[in-house]
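[1] Fold the following.
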Amino acid sequence: MEKIEIIIPTIFGLESFVSQEVRALGYETTQVEDGRVTFLGDWEAVCKANLWIRTGERVLIKVAEFNAVTFDELFEGTKAASWSDWLDKDCAFPVTGYTLKSKLASVRDCQAIIKKAVVDSLSNKYSITHFEETGAVYQIRFSILKDKVTIMIDTTGDHLHKRGYRAVSNAAPLKETIAAAMVMLSHWKYEYPLADPLCGSGTIPIEAAMIKRNIAPGLTRHFACESFNQISEKLFSDCREDARSVQKDVPLEIFASDIDKKTIEIAKKNAQLAGVGDAVVPKVSDVCDFACDLQYGTVICNPPYGERLGDEKMCRKLYEKMGNTFKNLDKWSYYVLTSNEDFEKHFGKQANKKRKIYNGMLKCNIYQYWGERPPRIFRESNHEL
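    Predicted structure coming up:
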């Protein structure tokens, strides 16, 4: 079949991680730009991307792309697309999207015009004027950026970060996509411990365990494209079975601690739901009590920023405590996500490198502190914190 152009929207700053994941699936990216990664594939690629992409937001199929500065141009450009190649006459096709820095500023008007254009296109093909829309749902999404219109079909449904294991979360939870990116950035070696001493609902430790055990993040959830006429039940079932067959039963030692007892209970339940309850060791503990008897390891954490939880003074004291605690683990590496521009000053040490990403609307940095490279040996487990 002809190749499908597949777009994966990303949080700003995570584009390179999505590109890496696309290549790991066996596909080459055709375009990487702010907030999205594009590649060519088939329907199997759509299934695999939904099951496996950890750091992207959705898997979208590009139907049309054109420039438009008037509503007439938007209508004609949309209608010109081959909608009957995608939609049967019984399909439901709601429309949603956004505009940014465009002359077509009204999202509501754009939705209505795109909907009408799709209806006109399908009416010409199927010789009917009314569509019941009782069949499979093909969510149409559009973006209009600087008058460039991109119209897509959403194959995912709920965002990819909704893995299905976080039934309950604490206040201001970290997105699973960002947690996965932090683990990937750390190049953590599973032979050594990983710790999150401010674990909240356990997202970072759980994502770390799933990555190292090669558990597909979408393995247990449903996707919109499973109802598409173009994807057989067997195709998606085969892709799921392939994903299960490559899981790795490697021993892991991942410590998840937090000062709040209720939060730790949530983290424990979430880890069990994710299938990594044996790998994540939750514990009620203050960050200043964090210690480990092993010489090498990795800390990855997402402390409060001040903008989201608590106040600036509390965060400053917390960062100082973290610095005093982590300096005792002189050969460990630390990766800390925060929007606080003065983090290094309060932590007491300048990072080896910073990486900018956006957590929601907040501009953040992942502060990277590199410890010594550990020897390439396997260790015994069950060391005590």
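[2] what's the domain layout of this structure?
    Domain ranges of the chain: 4-154, 176-213+248-369, per automatic domain parsing.
[3] Could you give the average pLDDT over the last one?
    The reference is to domain 176-213+248-369. When pLDDT is averaged over domain 176-213+248-369, the result is 93.
[4] same question, stretch 226-244
    97.
[5] so how far is it off the chain centroid?
    Mean C-alpha position of stretch 226-244 versus that of the full chain (Cα atoms, centre = their mean, to the nearest Å) differs by 21 Å.
[6] Going by neighbour count, which residues of it are buried?
    By 16 or more other Cβ atoms under 10 Å, the buried positions in stretch 226-244 come out as 226, 227, 228, 230, 231, 235, 236, 239, 240, 243. Bear in mind the C-beta positions are built from the backbone N, C-alpha and C, glycine included.
[7] Out of the residues you listed, which sit inside helices?
    In this view, those that belong to helices under DSSP state H are 235, 236, 239, 240, 243.
[8] Kindly indicate which of those residues lies nearest residue 249.
    Nearest to residue 249 among those, counting by Cβ to Cβ, is residue 243 at 14.8 Å.
[9] nearest spatial neighbour of the closest one, skipping sequence neighbours?
    residue 216 (4.0 Å; Cβ to Cβ, 6 or more residues apart in numbering).
[10] Residue 244 versus the one you found, what's the distance?
    Residue 216 sits 8 Å away from residue 244, going by Cβ to Cβ, to the nearest Å.
[11] ditto for residue 19
    26 Å.
[12] what does residue 114 give?
    Residue 114 is 39 Å from residue 244, by Cβ to Cβ.
[13] sorry, back to before: redo the ones in helices among the buried residues of stretch 226-244 as a markdown table? Include distance to residue 137.
    Putting these into a markdown table (distance: Cβ to Cβ, whole Å) gives the following:
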| residue | distance to residue 137 |
| --- | --- |
| 235 | 19 |
| 236 | 16 |
| 239 | 20 |
| 240 | 21 |
| 243 | 24 |
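[14] wait, which of these is closest to residue 158?
    residue 236 (16.2 Å).
[15] pretty sure that closest one is touching residue 224, no?
    No. Contact between residue 236 and residue 224 fails when scored by Cβ atoms under 8 Å: they sit 11.5 Å apart.
[16] hey, where'd the helices end up in this structure?
    15-24, 43-52, 71-79, 107-126, 176-186, 203-212, 233-245, 261-273, 312-326, 343-347.
[17] Same list (those helices) but as TSV, adding distance to residue 8.
    Listed next are the helices of the chain as TSV, based on distance: least, Cβ to Cβ, whole Å:
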stretch	distance to residue 8
helix 15-24	5
helix 43-52	7
helix 71-79	22
helix 107-126	21
helix 176-186	11
helix 203-212	18
helix 233-245	17
helix 261-273	25
helix 312-326	33
helix 343-347	30
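[18] Quick check: which of these is buried the most?
    helix 203-212 (a mean of 27; mean count of other Cβ atoms under 10 Å).
[19] ok and that helix relative to helix 176-186, angle-wise?
    60 degrees (axes from the mean of the first three to the mean of the last three Cα atoms, to 10 degrees).
[20] who touches helix 203-212?
    With Cβ atoms under 8 Å, 6 or more residues apart in numbering as the test, helix 203-212 has contacts from 54, 165-166, 169, 173-176, 179-180, 182-184, 188, 190, 194, 196, 199, 215, 217, 248, 250, 252, 254-256, 267, 270-271, 274-276, 279-280, 300-302.
[21] And the pLDDT at the residue lying farthest from the centre of the chain?
    The outermost residue of the chain, judged against the average C-alpha position, is residue 127 (41.5 Å), by Cα atoms, centre = their mean. pLDDT, residue 127: 95.
[22] Tell me how far it lies from residue 89.
    Applying Cβ to Cβ, the value for residue 127 to residue 89 is 9 Å.
[23] what distance separates the start and the end of stretch 289-303?
    One end of stretch 289-303 to the other measures 15 Å (Cα to Cα, to the nearest Å).
[24] Go through that stretch and flag the buried ones.
    For stretch 289-303, burial by neighbour count (16+ other Cβ under 10 Å) applies to 290, 292, 294, 296, 297, 298, 299, 300, 301, 302, 303.
[25] Among those, which ones are in strands?
    Mapping the buried residues of stretch 289-303 onto strands (DSSP state E) picks out 298, 299, 300, 301.
[26] which of these lies closest to residue 345?
    residue 301 (18.0 Å).
[27] what bridges to the closest one?
    Judged by DSSP bridges, the bridge partners of residue 301 are residue 336.
[28] isn't it right up against residue 200?
    No. The pair residue 301 and residue 200 fails to qualify as a contact (Cβ under 8 Å) at a distance of 9.3 Å.
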